[in-house]
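*Asks:* Give the three-dimensional model of this entry:
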Amino acid sequence: MTIRIKNKKSLGFTIFELLIVTIIMGILSLIILYNYRKSQNQFALQRSVYKLAQDVRRTSEMAMAAKKIGANLPWGYGVYVNRSVSDKSYIIYADIDGSNFYEPSNDVVVETVDLEQRIIIQSVNPDPVCINFRKPAPTIKIQSAPGVTSNLGQIILSDGATLTKTIEVNPVGMIDIK
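*Replies:* Numbering: from 1, shown residues only. All right, here's what the predicted structure looks like:
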């Protein structure tokens, strides 16, 4: 009784096969890394937009609560965005002089909010825009200069490349994120 063993040319992988598999794995890794970076930018943009919208709502609540700043009881509170001064931050302020517009010499900065890394203010309409809430109702004023009122405040944030998100605030205080 004889046992026949089939003769196989190879029992392992060739270098060519290993090279092809390595190249395919490298390409897949690059695609995953690219999509990971893109999704990171997308989430950072979304977080920044919601933070800005939340800060606009917070200034409304501060005005309704008639929150004091030191010994002063401000006329209201607001958010000031001026792209020509900074495309990486905006200001939450207390309107001490009652002008419904941020004036650095008269009003108090409550907080300067920096946007997340890689996120910028792409455009502001009007530029600058001041969204001011005056107690007790609160009355909303959207202005580009003292006494110059607008019907809509629009702030567009961007990841600096392709992604953008828009925040619109209308004169009744409704915030719309697009």
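*Asks:* Next up, identify which helix or strand the residue positioned nearest the centre of the chain is on.
*Replies:* Closest residue to the average C-alpha location of the chain: residue 48 at 2.4 Å, with C-alpha atoms, centre = their mean. With elements taken from DSSP states H and E, the one containing residue 48 is helix 15-65.
*Asks:* Which SSE is immediately downstream of that helix?
*Replies:* Immediately after helix 15-65, counting by DSSP H and E, sits strand 76-81.
*Asks:* give me every residue that touches residue 122.
*Replies:* Residue 122 is in contact with 87, 156, 157, 158, 164, counting by C-beta atoms under 8 Å, 6 or more residues apart in numbering. C-beta here means a position set from N, CA and C on the backbone, and glycine is covered the same way.
*Asks:* okay, these in JSON lines with secondary structure, distance to residue 135 and pLDDT next?
*Replies:* Below are these laid out as JSON lines (DSSP: H, G, I helix; E, B strand; the rest coil; distance: C-beta to C-beta, whole Å; pLDDT from 0 to 100):
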{"residue": "87", "secondary structure": "coil", "distance to residue 135": "31", "pLDDT": "94"}
{"residue": "156", "secondary structure": "strand", "distance to residue 135": "29", "pLDDT": "96"}
{"residue": "157", "secondary structure": "strand", "distance to residue 135": "29", "pLDDT": "97"}
{"residue": "158", "secondary structure": "strand", "distance to residue 135": "34", "pLDDT": "96"}
{"residue": "164", "secondary structure": "strand", "distance to residue 135": "34", "pLDDT": "94"}
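*Asks:* Against which helices or strands is the helix holding residue 48 packed?
*Replies:* When contacts are defined as 3 or more C-beta pairs under 8 Å, 6 or more residues apart in numbering; DSSP states H and E, helix 15-65 sits against strand 76-81, strand 89-95, strand 108-114, strand 129-134, strand 153-158, strand 164-169, strand 175-177.
*Asks:* On the three-state scheme, the closest residue in space to residue 173 that isn't next to it in sequence is what?
*Replies:* Closest residue to residue 173 apart from its sequence neighbours, by C-beta to C-beta, 6 or more residues apart in numbering: residue 140 at 4.8 Å. Under DSSP: H, G, I helix; E, B strand; the rest coil, residue 140 falls in the strand class.
*Asks:* ditto for the one 3 residues further on
*Replies:* Classification of residue 143 using three-state DSSP returns strand.
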